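A.B. asks: Please find the sequence and the predicted model below.
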Amino acid sequence: QVQLQESGPGLVKPSQTLSLTCTVSGGSITTSYYAWSWIRQPPGKGLEWMGVITYDGRSYYSPSLKSRTSISRDTSKNQFSLQLSSVTPEATAVYYCARDLPLHGIDYWGKGTLVTVSS
């Protein structure tokens with residue numbers, strides 16, 4: 001059973017960088033051909049895919065967030081991380097990490113973590 005757990009600050013000030021880490025257990029983030037995504041859901045809104053890092057370390061981002069988003073990984077800790085720079089209050093959301101198998105979709109989600117952007 002694969003488990004994902006998000007961690008990071010629950011409160012970030014405007015203009016700062018939001019940083020979250022997803023710790024994966026029950027499976028390796030380097031296992032072919034899985035990809036590891038970040039997805040967010042602002043209050044009262046739908047899910048927004050932010051980006052993904054593949055089993056071999058390639059990253060892809062939503063075009064609307066690409067200039068401010070970075071996804072990286074630490075294979076020794078079986079973790080992958082999200083950084084979103086220059087945040088505004090509109091970045092307030094529940095942030096999820098998830099496992100994706102291309103052409104099959106997401107099969108495991110983290111529980112999500114609420115990040116509030118406020119001064």
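C.D. replies: Noted; the coordinates are in hand.
A.B. asks: Can you say which helix or strand has the one residue sitting closest to the centre of the chain in it?
C.D. replies: Nearest residue to the geometric centre of the chain (C-alpha atoms, centre = their mean): residue 38, 2.6 Å. Assigned by DSSP states H and E, residue 38 belongs to strand 35-41.
A.B. asks: Mind giving me the packing neighbours of that strand?
C.D. replies: When contacts are defined as 3 or more C-beta pairs under 8 Å, 6 or more residues apart in numbering; DSSP states H and E, strand 35-41 packs onto strand 18-25, strand 48-54, strand 93-101. (C-beta placed from N, C-alpha, C; glycine too.)
A.B. asks: Now render these as JSON lines, adding mean neighbour count, distance to residue 32 and mean pLDDT.
C.D. replies: Output for these, formatted as JSON lines (neighbours: other C-beta atoms under 10 Å; distance: least, C-beta to C-beta, whole Å; pLDDT from 0 to 100):
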{"stretch": "strand 18-25", "mean neighbour count": "20", "distance to residue 32": "15", "mean pLDDT": "98"}
{"stretch": "strand 48-54", "mean neighbour count": "19", "distance to residue 32": "9", "mean pLDDT": "97"}
{"stretch": "strand 93-101", "mean neighbour count": "21", "distance to residue 32": "10", "mean pLDDT": "97"}
